[in-house]
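Student: with the input below, show me the fold.
(one chain, ligands or ions: 1)
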Amino acid sequence: MNTTACLKDNSPLQREAGREMVAGVPPVRRHAPEGRSRLAALTKGSSPGLYPRLDPRTVARVAEARLPTEFGEFRIIGYRSLNSEEEFVVLARGDLTGKRPPLVRIHSQCLTGDVFGSIKCDCGPQLRAALEMIAAEGRGVIVYQQQEGRGIGIINKIRAYAMQDEGADTIEANERLGLAVDLRQYEQCAEILLDLGLSHVRLLSNNPEKLSALEESGLRVVARVSLEVEPSAAASNYLRTKKERMGHLLKLV
Ligand SMILES: [Zn+2]
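Tutor: Predicted coordinates:
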């Protein structure tokens, strides 16, 4: 595998020097308000309505490297939002430009589930299942969106968990804390996928909002690939709420 690890900083010289081809992902200009970006060029000749929100761009690819994992080797790519403090981490694998649209997951950060093995939710098993499926196909992308607790942050999430300990469901807990049920937005995740050269994807998700957000941002979701894992007893109420009150497409609860 001729993956090139290239860590880039933000200086123009480094950007120029670091623009190698990285394992199937075409190099993309970091941000080119002064010229036509590759994405803007993509809009030429596209169907009307495709890629409606890409000019001006709102994310920048700022760093990338090899990342060997227990699921095999990925490329890890860092993006920064150009209109907020948000950062995104992408794990990408294989040639993303082939004919068959690759598997894609937009995974919303869940410290408790992804890192600590919490069984109050299905996030950790979903992330691992996505990594396994992408590893099995040898190609695909995970956009790791750092919007903890559907955007409320880890401290508020702990507060909401305390209310759930008293019997509230995940929606009631957020409402009692005066917090939105779901603050997440996916447009910049879509922009990242477009920046990686994708136009058609197979989306690993049970969340219809993610699907429609990607479509509205100009990506074609040719298939939704269910990512449902056997629910733990501790997660079943949470997942039932997601299914019944948030429209998630779940069959096992
Ligand atoms: Zn979770």
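
Student: enumerate the residues of the stretch 101-250 of the chain near the ion.
Tutor: Contact residues (CB under 5 Å from the ion) of the stretch 101-250 of the chain with the ion: 110, 113, 121, 123. Heads up, the C-betas are built off the backbone N, CA and C, glycines and all.

Student: pretty sure the third one contacts residue 232?
Tutor: No - with contacts counted by CB atoms under 8 Å, residue 121 stays clear of residue 232, the gap being 9.1 Å.

Student: looking at those two, which is more packed in?
Tutor: residue 121 (20 against 15; other CB atoms under 10 Å).

Student: what sits against that one?
Tutor: 110, 112, 113, 235, 238, 239 (CB atoms under 8 Å, 6 or more residues apart in numbering).

Student: among these, which ones are in strands?
Tutor: Per DSSP state E, strands hold no members of the contacts of residue 121.

Student: next, format those as CSV and append pLDDT and distance to residue 167.
Tutor: Putting the contacts of residue 121 into CSV (pLDDT from 0 to 100; distance: CB to CB, whole Å) gives the following:
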residue, pLDDT, distance to residue 167
110, 94, 22
112, 95, 19
113, 95, 21
235, 77, 16
238, 75, 13
239, 75, 17
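
Student: which one of the residues you listed has the most neighbours?
Tutor: Neighbour-wise, those (other CB under 10 Å) top out at residue 110, 23 neighbours.

Student: quick one: pLDDT of the nearest residue to that one once chain neighbours are set aside?
Tutor: Take residue 110 and drop its neighbours on the chain: the residue closest to it by CB to CB, 6 or more residues apart in numbering is residue 123, 3.6 Å away. According to the prediction, residue 123 has pLDDT 92.

Student: all good on my end, thank you.
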